[in-house]
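**Student:** This is a predicted model, with the sequence first.
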Amino acid sequence: MSSPDQITHWRETIFTRLVQVILVLGLCTAVPSMFKYAREGMWGIVVLDVLALGWLAMLWRLERVLSYPARALQFLLIAFAVGVGLMLQVGPVAHTYLLVVPCLAALLVGLRPAIWLLLAGALAIVLTGYAPPPDPDAIGLSDDAPTRAAIVAVNYLFIAGTLTFSSGVLLRHLARSLAEGEQLAFYDPLTGLPNRRLLLDRLGNLLASSERQQVFSAVMFVDLDRFKTINDARGHATGDTLLRLAAERLSAVVRKSDTVARIGGDEFVVLLSHLAPDLAAAGNAAQQVAEKVRAALAQEFQIGGQFYASSASIGVTLLPKFGQSADDLLREADTAMYRAKGAGRNGIAYFETTMQAEVERRLTLERELAQAIEQERLHMAYQPQFDCQGRLHGAELLMRWERDDGSMVSPAIFIPLAEEVGLIVPLGMWALKQACLAQQRMAAQGLSLPLSVNVSPQQFRQADFVQQVRSTLLEHGVEPALLILEVTEGLLVEKLEETVARMNELAAMGVRFSIDDFGTGYSSLAYLKRMPLYELKIDRSFIMDMPDDANDVVIVQAILAMAGHMGLRVVAEGVETQAQADFLAAHGCHALQGYLLGRPAPLPALLDLLAVQA
């Protein structure tokens with residue numbers, strides 16, 4: 001439905017154009033008539049036409065001075081006065097001028113004024129009926145048939161043209177508004193695909209038709225793998241382009257009778273209609289389409305001269321199923337998609353009953369995590385970092401979560417969960433507080449050691465993040481130089497100027513920065529020059545196959561050389577063999593972290609180790 005503001009806009013648009021059109025038509029029709037009436041001595045009509053055209057021209061010129069209601073009412077008054085005047089001068093034949101007044105009033109100001117003007121016109125016709133009828137000879141039309149026909153035709157064109165133009169403009173605007181409203185209501189503005197609302201409507205129709213025709217169809221839930229990484233690293237413009245390209249590829253591999261929809265973020269849904277009357281055949285057909293989709297989305301995307309590798313996790317469920325709604329089927333496909341993602345991504349999974357239990361377990365885990373954060377029932381483990389001479393050089397805080405039943409939840413599970421459900425910010429602030437409390441305990445024993453704390457992009461981009469860090473350090477009396485904030489490369493790309501400014505503000509306090517998992521992100525090395533960095537941490541994926549893997553050797557040597565030129569400290573993660581440690585020491589790595597040297601342990605164990613080396 002159209003809003004009152006839209007209707008007012010239409011009316012103003014119609015009125016503006018109408019005044020212009022009537023001025024042109026009036027000049028074309030009234031001026032010739034005025035010469036005719038002047039020769040016949042009918043000065044009343046001449047004066048009336050001149051006043052009407054002059055008044056109309058004034059309304060056109062004063063468009064920005066007078067309000068729309070004032071101009072519209074004056075316009076209607078002009079039309080009404082001309083109609084009454086012509087009836088007095090020419091006779092009842094001029095009542096068509098009064099007919100146009102209520103019609104235009106309905107378009108320009110609403111139904112109620114139009115009804116009043118309709119009644120006023122009827123009253124005017126009755127009252128002018130008492131006036132003496134004009135003499136046909138006096139108006140010069142009784143014996144001049146061609147002139148009479150021409151004037152009647154011109155007046156017909158004037159009145160009919162006014163009504164036709166007004167109605168046509170109104171309907172054109174209404175059709176355009178309805179089309180735009182439907183586009184906004186039912187289609188995704190980024191990709192042009194159907195949105196969730198239209199998808200559910202079509203899914204409901206597909207469910208009904210599949211039941212009626214006793215044929216199987218399928219719902220396919222598609223989630224782009226690694227989209228968030230690309231979007232965070234390269235910005236929303238690149239992410240939006242990737243989504244549009246993915247939508248084009250999806251649409252290209254399905255039939256015209258199928259539906260491809262985007263329901264939010266990087267999530268798409270495909271409806272495969274009427275695959276086969278046999279369940280096994282329908283499942284095989286759905287598998288073939290899903291494999292086409294997977295292969296299409298696994299191809300690199302070229303955006304702005306760069307290539308981006310992505311893939312898709314796909315969940316499939318078949319329909320119809322007894323007693324299920326469109327929402328039930330969409331939930332099944334979504335559940336199957338998470339199974340595919342959990343199995344390593346870039347895969348296809350079908351819905352099974354056991355999947356629902358997994359979804360319920362995930363919801364339970366989400367609720368328990370929120371409670372654990374609120375009640376501070378998580379704890380920290382501290383993994384030591386050593387220099388190449390075996391001296392303790394620092395430690396990284398690693399979160400651990402033990403549930404009430406004694407089972408441990410891996411950080412690889414609960415940290416991504418916290419990011420998805422919006423708990424990562426309070427979780428990150430809790431970690432920062434734990435680092436400060438640990439520094440207090442060390443200071444009480446006369447000990448000192450830099451501690452590294454991971455900071456998520458969501459937490460870092462909080463408007464009050466700098467103030468939170470400053471307040472926490474002051475509250476616990478901790479020297480800022482003893483705090484190292486570990487951030488990922490993705491943080492360094494989006495909103496670069498704001499990020500650099502915030503990092504410089506923290507660095508001015510004495511806080512130091514480390515790039516975690518270096519070499520796995522998308523940041524340009526040129527960005528590193530602008531950052532107030534202290535160290536780089538080589539990701540464990542480059543360390544695990546060293547020194548046997550020649551490619552990893554080259555990458556690690558390049559990182560060490562670059563860091564050396566930039567004056568940055570380097571920490572190697574995941575050191576588990578003596579050969580790895582020896583290679584890193586020989587090539588100038590500043591610090592090592594891994595199971596070979598020390599596993600994550602509670603704070604007392606770190607304090608004991610530090611006390612021995614003090």
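**Tutor:** Looks like it arrived, so ask away.
**Student:** packing partners for the helix or strand hosting A247?
**Tutor:** Taking DSSP states H and E as the criterion, A247 maps to helix 236-253. Applying 3 or more C-beta pairs under 8 Å, 6 or more residues apart in numbering; DSSP states H and E, we find helix 236-253 packed against strand 216-225, helix 227-234, strand 259-264, strand 267-276, helix 279-298, strand 301-303. (Each C-beta comes from the backbone N, C-alpha and C, glycine too.)
**Student:** So for I373, which of those sits nearest?
**Tutor:** Minimum separation from I373 across the helices and strands packed on helix 236-253 (C-beta to C-beta) falls at helix 227-234, 21.8 Å.
**Student:** For E402, grab phi and psi.
**Tutor:** With angles defined as degrees, to the nearest 10, E402 sits at phi -110, psi 120.
**Student:** how many other residues sit next to it?
**Tutor:** Neighbour count for E402, taken as other C-beta atoms under 10 Å: 13.
**Student:** In the stretch 351-500 of the chain, where is pLDDT below threshold?
**Tutor:** Low-confidence segments of the stretch 351-500 of the chain, defined by pLDDT under 70: 353-359, 492-493.
**Student:** Which residues in the helix or strand hosting V554 does the neighbour count mark as buried?
**Tutor:** Using DSSP H and E, V554 sits in helix 550-566. For helix 550-566, burial by neighbour count (16 or more other C-beta atoms under 10 Å) applies to 552-553, 555-556, 559-560, 563.
**Student:** Distance from the chain centre to it, please.
**Tutor:** 39 Å (C-alpha atoms, centre = their mean, to the nearest Å).
**Student:** What are the contacting residues of stretch 258-267?
**Tutor:** 188, 190-191, 193-196, 198-199, 202, 221-224, 227-228, 243, 246-247, 250-251, 254, 268-273 (C-beta atoms under 8 Å, 6 or more residues apart in numbering).
**Student:** next one: stretch 443-455
**Tutor:** 382, 385, 392-397, 428, 431-432, 435, 438-439, 442, 477, 481-487, 512, 514, 516, 606-607, 610-611, 614.
**Student:** After the lowest-mean-pLDDT helix or strand in the chain, which helix or strand is next?
**Tutor:** Ranked by mean pLDDT, DSSP states H and E, the weakest helix or strand in the chain is helix 145-186, scoring a mean of 62. Sequence-wise, the next helix or strand downstream of helix 145-186 (DSSP H and E) is helix 196-213.
**Student:** mind checking how far R470 is from A106?
**Tutor:** In this view, R470 and A106 are 66 Å apart by C-beta to C-beta, to the nearest Å.
**Student:** swap in P602?
**Tutor:** Taking C-beta to C-beta, one finds P602 at 81 Å from A106.
**Student:** And these two? Which one has more around it.
**Tutor:** Using other C-beta under 10 Å as the criterion, P602 and A106 rank with A106 on top: 17 against 12.
**Student:** what about the more buried one, helix or strand, and which?
**Tutor:** helix 95-108.
**Student:** Against which helices or strands is that helix packed?
**Tutor:** helix 4-39, helix 68-89, helix 111-128, helix 145-186.
**Student:** Check which residues of the next helix or strand after the first one are buried.
**Tutor:** Next helix or strand after helix 4-39 toward the C-terminus (DSSP H and E): helix 43-61. Applying a neighbour-count criterion of 16+ other C-beta under 10 Å, the buried positions in helix 43-61 are 45-46, 48-49, 52-53, 55-56, 59.
**Student:** So for helix 43-61, mean pLDDT?
**Tutor:** Throughout helix 43-61, pLDDT has a mean value of 73.
**Student:** angle of that helix against helix 68-89?
**Tutor:** Counting by axes from the mean of the first three to the mean of the last three C-alpha atoms, to 10 degrees, helix 43-61 lies at 170 degrees to helix 68-89.
**Student:** gap between helix 43-61 and the chain center?
**Tutor:** 54 Å.
**Student:** Tell me the helices and strands packed up against it.
**Tutor:** By 3+ C-beta pairs under 8 Å, 6+ apart, helix 43-61 packs against helix 4-39, helix 68-89.
**Student:** Which of those helices comes out lowest on mean pLDDT?
**Tutor:** Minimum mean pLDDT among those: helix 4-39, a mean of 67.
**Student:** which of the buried residues of helix 43-61 lies closest to L533?
**Tutor:** Of all these, L533 sits closest to L59, with 68.6 Å by C-beta to C-beta.
**Student:** give the contact list for the closest one.
**Tutor:** 19, 66, 71, 74-75.
**Student:** and these as TSV, adding neighbour count and distance to E376?
**Tutor:** TSV is the format used below for these (neighbours: other C-beta atoms under 10 Å; distance: C-beta to C-beta, whole Å):
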residue	neighbour count	distance to E376
V19	18	72
L66	14	68
R71	21	68
Q74	16	73
F75	23	72
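**Student:** that older thread, hmm, which of the contacts of stretch 443-455 are the buried ones?
**Tutor:** Burial by neighbour count, 16+ other C-beta under 10 Å: within the contacts of stretch 443-455 this picks out 382, 385, 392-397, 428, 431-432, 435, 438-439, 442, 482-487, 512, 514, 516, 606-607, 610.
**Student:** Looking at the helices and strands packed on helix 236-253, which is nearest to A501?
**Tutor:** Among the helices and strands packed on helix 236-253, helix 227-234 comes nearest to A501, with 18.6 Å by C-beta to C-beta.
**Student:** roughly how far is stretch 473-489 from the heart of the chain?
**Tutor:** That offset, for stretch 473-489, works out to 35 Å (C-alpha atoms, centre = their mean).
**Student:** right, and E211 touches P320 too?
**Tutor:** Yes. In terms of C-beta atoms under 8 Å, E211 counts as a neighbour of P320; the distance is 4.5 Å.
**Student:** Check what pLDDT P133 gets.
**Tutor:** In this prediction P133 is given a pLDDT of 64.
**Student:** follow-up on the earlier one: now do the helix holding V554: everything it contacts.
**Tutor:** Outside helix 550-566, the residues that reach it (C-beta under 8 Å, 6+ apart) are 518-519, 525, 528-529, 533, 536, 538, 542-543, 545-547, 569-570, 572, 583-584, 587-589.
**Student:** Same question for stretch 249-257.
**Tutor:** Under C-beta under 8 Å, 6+ apart, the answer for stretch 249-257 is 193, 222, 260, 268, 270, 272-274, 289, 292-293, 296-297, 299.
**Student:** got the buried residues for that stretch?
**Tutor:** 249-251, 253-254.
**Student:** Low-confidence stretches in the stretch 501-614 of the chain?
**Tutor:** In the stretch 501-614 of the chain, residues with pLDDT under 70: 521-526, 614.
**Student:** Tell me which stretches of it form helices.
**Tutor:** Per DSSP state H, counting those that start in this stretch, the stretch 501-614 of the chain carries helices over the ranges 525-528, 540-543, 550-566, 578-586, 603-613.
**Student:** Could you say which one of those comes nearest to P411?
**Tutor:** Of the helices of the stretch 501-614 of the chain, nearest to P411 by C-beta to C-beta is helix 540-543, at 14.0 Å.
**Student:** packing partners for that closest one?
**Tutor:** So helix 540-543, by 3+ C-beta pairs under 8 Å, 6+ apart, packs with helix 550-566.
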